[in-house]
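K.L.:
return a 3D structure for these sequence lines:
(2 chains)
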There are 2 protein chains.
Amino acid sequence: MSCLMPGEDFTLVVVFPLWPTFHLVGPLSAIDLSSSLSDGSKVRVAYQGLPGAYSEAAALKAYPKCETVPCDEFEAVFKAVELWLVDKAVLPIENSVGGSIHRNYDLLLFHRLHIVGEVQLVVNHCLLGLPGVRKEELKRVLSHPQALDQCEMTLNKLGVTKVSTNDSAGAAQITAAERVRDTGAIASVRAAEIYGLDVLAERIQDDTDNITRFLILAREPIIPGSDRPHKTSIVFSLEEGPGVLFKALAVFALRNINLSKIESRPQRYRPLRIVDDSNKGSAKYFDYLFYVDFEASMAEPRAQYALAHLQEIAKFLRVLGCYPIDTTL
Amino acid sequence: MSCLMPGEDFTLVVVFPLWPTFHLVGPLSAIDLSSSLSDGSKVRVAYQGLPGAYSEAAALKAYPKCETVPCDEFEAVFKAVELWLVDKAVLPIENSVGGSIHRNYDLLLFHRLHIVGEVQLVVNHCLLGLPGVRKEELKRVLSHPQALDQCEMTLNKLGVTKVSTNDSAGAAQITAAERVRDTGAIASVRAAEIYGLDVLAERIQDDTDNITRFLILAREPIIPGSDRPHKTSIVFSLEEGPGVLFKALAVFALRNINLSKIESRPQRYRPLRIVDDSNKGSAKYFDYLFYVDFEASMAEPRAQYALAHLQEIAKFLRVLGCYPIDTTL
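P.N.:
Residues are numbered from 1 along each chain as shown, chains lettered A, B, ... in the order given. Presented below is the predicted three-dimensional model:
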């Protein structure tokens, strides 16, 4: 059974994006980093959070002149693209400290959008306060718990109380609204500008190389070019058994295709399987999904051959998108 | 260079745990799921959070009669074991919805504790309120943002405001202390008991199969038995290049050893490497760490051979521990 999520087919089917042979309505270009549509209107990019959120910064890195559209939930971000309310969506998918965001991979599988780009963003956590406040005056600092965690050493040195909020930009908004001099927030430089706060300190995170990777999603895939390095993101599942993953990875190794990400994950919506081993007693196993990013463009025959080969082995296979590698940080 | 973290050696060294050939001071047993030490005193298990936290429930699943010791931070949990203040620590390492917790993998690499067990725990998010309150009366619900996210559908149906706190048990504590009838919390059944709250609804998470995997850590490794299925957790890094991971996984496939987890992760404390490809322009690469759990005991020759083989390929290799698989849920 290849069913993964409600709405998936039950048959052993490879869900390739439609590499279009005719021009569809809507944006469709080789690189798709334009900041305006063919009709001259601005690209509208949905993100989860409030203005000043890191996701908004990622949208602006990909499309410097875009119009950013805040959404309250990730589900709403996907819906906004599907309902043609916006052109693109930006979705955080992994962080160098926090790891992969499985919930957002689930949304990728559940919805039918295509990855058309990636953005690597160095997270710059700033300590913000009301204008004129010195950081020594702060007694409370507000932010998302992950941001508070990531700035633990700085906050401990200041001896402030940490207060959790839903997101970092929201913390800046509350700090500005409350107007209490002893309250600060951890958020972006842009959040400081938007909510009229001072930046009391920059890069206060414990790990200097705190990087978040975002995906750019669209209704249609891009036609991958061969002018710059591309990567392709896929998800697949395998029959359980020693060596099966080894065989699956052989399809890339045999064609000299490098992997830039591999991650196994117990499948949701599947019961645990009980395996009996007369020597060792019985054990319960999960079946696994594999997320793989490989460094080749779907325009290259070796990538097409590799996926055809993988299809022989995989119970389920889906190409999430093929897009230019973000080589800037 | 094999250096990963401050304190690691710079030489190409395999850091195997000391599979002890003599009896060390302290607890050391084949299965190590006893709830009392040889001197008759109770096992003390450190966890991060307040009483009623899910980590405490994991500690009690592993050692039903243990004395649980709350710590304010994960760093303090490790320190508590290292300083002999407690015997064991429990550490959440991955969640079926949220993914791997890289920060806790970092702590595993930075410290020198050994994994001696694992606990799989089905997360049962409960809606808690003051005694006698009906859930329809609630206007605000407090919890950790991840718990609020995981119960989004239930909370939206109730039409309540979501308020973030540092942890779920803390949310229960605040709810009990504030004594406001329209405020509830999402936390465990045990948190309800501890803070004198009513359970208004159980299993309110959107995903019914929300499972967190915890590791049990100790100062000394256990001597793995062959009476029940064991797994071994390792971390390694590889020279960059197509097919290198394939070769690394061959050491397990060739010996019919199944993998239950594989995850790649960009290495911290290493600069980006720029690779020039005359056809495609230049690209920046991360080097990767790989986390692998394989289903074999270090007591089995095939596991020992596989690691010796892996050592030929890996730049860095460390065995985090070998321990019985948790087959109960």
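K.L.:
residues from the stretch 101-250 of chain A in reach of chain B?
P.N.:
A:101-103, A:106, A:144-145, A:148-149, A:152, A:162, A:164-166, A:207, A:209, A:211, A:226, A:228-229, A:240-243, A:245-247, A:249-250 (Cβ under 8 Å from any Cβ of the partner chain). (Each C-beta comes from the backbone N, C-alpha and C, glycine too.)
K.L.:
helices - which of the residues you listed land there?
P.N.:
A:H102, A:R103, A:D106, A:P145, A:L148, A:D149, A:E152, A:L245, A:F246, A:K247, A:L249, A:A250 (DSSP state H).
K.L.:
now render the residues you listed as CSV, adding neighbour count, distance to B:A192 and pLDDT.
P.N.:
Shown next, in CSV, are those (neighbours: other Cβ atoms under 10 Å in any protein chain shown; distance: Cβ to Cβ, whole Å; pLDDT from 0 to 100):
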residue, neighbour count, distance to B:A192, pLDDT
A:H102, 23, 28, 83
A:R103, 17, 26, 84
A:D106, 18, 29, 86
A:P145, 19, 22, 81
A:L148, 21, 26, 89
A:D149, 19, 26, 84
A:E152, 15, 29, 86
A:L245, 21, 42, 88
A:F246, 19, 47, 90
A:K247, 17, 49, 91
A:L249, 26, 47, 92
A:A250, 20, 52, 93
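K.L.:
counting contacts, what elements does the longest strand along chain A pack onto?
P.N.:
Secondary structure of chain A read by DSSP state E shows that its longest strand is strand A:314-324. Packed against strand A:314-324 by the contact rule (3 or more Cβ pairs under 8 Å, 6 or more residues apart in numbering or on different chains; DSSP states H and E) you find strand A:14-15, strand A:114-122, strand A:211-218, strand A:230-238, helix A:301-313.
K.L.:
using CSV, write down the CA coordinates of the third one.
P.N.:
By that I understand strand A:211-218. Output of strand A:211-218 as CSV, limited to C-alpha atoms (Å, rounded to 0.1, in the frame of the first residue of the first chain):
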residue,chain,number,x,y,z
ILE,A,211,21.0,28.8,9.9
THR,A,212,17.4,28.2,8.8
ARG,A,213,16.6,26.7,5.5
PHE,A,214,13.3,27.8,3.8
LEU,A,215,11.5,26.4,0.8
ILE,A,216,9.8,28.6,-1.8
LEU,A,217,6.5,26.9,-3.0
ALA,A,218,4.4,27.6,-6.0
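K.L.:
what's the angle between it and strand A:230-238?
P.N.:
90 degrees (axes from the mean of the first three to the mean of the last three Cα atoms, to 10 degrees).
K.L.:
can you tell me the strand partners of strand A:211-218 and which way each runs?
P.N.:
Looking at strand A:211-218 with DSSP bridges, its partner strands are strand A:88-95 (antiparallel), strand A:114-122 (antiparallel).
K.L.:
next, the angle strand A:314-324 makes with it.
P.N.:
100 degrees.
K.L.:
now what about strand A:211-218, what contacts it?
P.N.:
For strand A:211-218, the external contacting residues (Cβ atoms under 8 Å, 6 or more residues apart in numbering or on different chains) are A:27, A:32, A:45, A:54-55, A:58, A:62, A:78, A:81, A:87-96, A:108, A:113-123, A:233, A:321, A:323, A:329, B:266.
K.L.:
who's in contact with the host helix or strand of A:V141?
P.N.:
Assigned by DSSP states H and E, A:V141 belongs to strand A:140-143. Strand A:140-143 is touched from outside by A:125, A:127, A:148, A:151, A:155, A:158, A:160-165, A:168, A:171, A:174-175, A:182-187, with contacts defined as Cβ under 8 Å, 6+ apart.
K.L.:
kindly report the same for stretch A:159-168.
P.N.:
With Cβ under 8 Å, 6+ apart, stretch A:159-168 has contacts from A:49-50, A:52-54, A:125, A:138-145, A:147-148, A:155, A:171, A:174, A:184-188, A:191, B:144-145, B:148, B:162, B:164-166.
K.L.:
show the end-to-end separation of it, please.
P.N.:
Length of stretch A:159-168, first residue to last, Cα to Cα, to the nearest Å: 20 Å.
K.L.:
repeat for stretch A:209-227
P.N.:
29 Å.
K.L.:
so how far is it off the chain centroid?
P.N.:
Per Cα atoms, centre = their mean, to the nearest Å, the displacement of stretch A:209-227 from the mean C-alpha position of its chain is 10 Å.
K.L.:
try stretch A:61-78
P.N.:
13 Å.
K.L.:
buried set for it?
P.N.:
A:K61, A:A62, A:Y63, A:C66, A:T68, A:V69, A:P70, A:C71, A:F74, A:V77, A:F78 (16 or more other Cβ atoms under 10 Å in any protein chain shown).
K.L.:
what about those, which are in strands?
P.N.:
When DSSP E defines the strands, the subset of the buried residues of stretch A:61-78 inside them is A:T68, A:V69, A:P70, A:C71.
K.L.:
farthest pair in those residues?
P.N.:
A:T68 and A:C71 (10.2 Å; Cβ to Cβ).
K.L.:
mind listing the shared neighbours of those two?
P.N.:
With Cβ under 8 Å, 6+ apart, A:T68 and A:C71 have common neighbours A:A46, A:Y47.
K.L.:
low-confidence bits of the stretch 151-300 of chain A, can you list those?
P.N.:
Scanning the stretch 151-300 of chain A for pLDDT under 70 picks out A:267-287.
K.L.:
just say which of the strands paired with strand A:211-218 is most tucked in.
P.N.:
Stretch with highest mean neighbour count among those: strand A:88-95 (a mean of 24; mean count of other Cβ atoms under 10 Å in any protein chain shown).
K.L.:
what distance separates it from the centre of its chain?
P.N.:
3 Å.
K.L.:
what does stretch A:259-268 give?
P.N.:
How far stretch A:259-268 lies from its chain's middle: 14 Å, per Cα atoms, centre = their mean.
K.L.:
that one near chain B at all?
P.N.:
Yes: legend: contact between stretch A:259-268 and chain B by Cβ under 8 Å from any Cβ is shown at A:L259, A:S260, A:K261, A:I262, A:E263, A:S264, A:R265, A:P266, A:R268.
K.L.:
and A:D326, that's in a strand?
P.N.:
No: assessed with DSSP: H, G, I helix; E, B strand; the rest coil, A:D326 is coil; it does not lie in a strand.
K.L.:
mind listing the residues bridging to A:L127?
P.N.:
Using DSSP bridges, the bridge partners assigned to A:L127 are A:I186, A:A201.
K.L.:
now the most centrally placed residue in chain A: how far from chain B?
P.N.:
Of all residues in chain A, the one closest to the mean position by Cα atoms, centre = their mean is A:I93, 2.2 Å from it. Plainly put, A:I93 is 10 Å away from chain B if you go by Cβ to the nearest Cβ, to the nearest Å.
K.L.:
can you check A:S233 too?
P.N.:
For A:S233, the distance to chain B - Cβ to the nearest Cβ - is 13 Å.
K.L.:
pairing partners for that residue in the sheet, please.
P.N.:
Beta-bridge partners of A:S233, as defined by DSSP bridges: A:D293, A:G321.
K.L.:
do the same with A:K42
P.N.:
Beta-bridge pairing of A:K42 under DSSP bridges involves A:S36.
K.L.:
got a list of what A:T183 touches?
P.N.:
By Cβ under 8 Å, 6+ apart, the contact set of A:T183 is A:G129, A:L130, A:L138, A:K139, A:R140, A:V141, A:L142, A:T175.
K.L.:
then A:A80?
P.N.:
Counting by Cβ under 8 Å, 6+ apart, A:A80 touches A:A46, A:V69, A:C71, A:V86, A:A89.
K.L.:
mind doing that once more with 10 Å?
P.N.:
A:R44, A:V45, A:A46, A:Y47, A:V69, A:C71, A:V86, A:D87, A:K88, A:A89 (Cβ atoms under 10 Å, 6 or more residues apart in numbering or on different chains).
K.L.:
and the strand or helix carrying it, what's its mean pLDDT?
P.N.:
Per DSSP H and E: A:A80 is located in helix A:74-82. What helix A:74-82 shows for mean pLDDT is 94.
K.L.:
ok, now which ones touch the closest residue to A:L108 other than its chain neighbours?
P.N.:
Nearest residue to A:L108, sequence neighbours excluded (Cβ to Cβ, 6 or more residues apart in numbering or on different chains): A:L320, at 5.9 Å. For A:L320, the contacting residues are A:15, A:17, A:105, A:108-109, A:113-115, A:215, A:217, A:221, A:232-235, A:291-293, by Cβ under 10 Å, 6+ apart.
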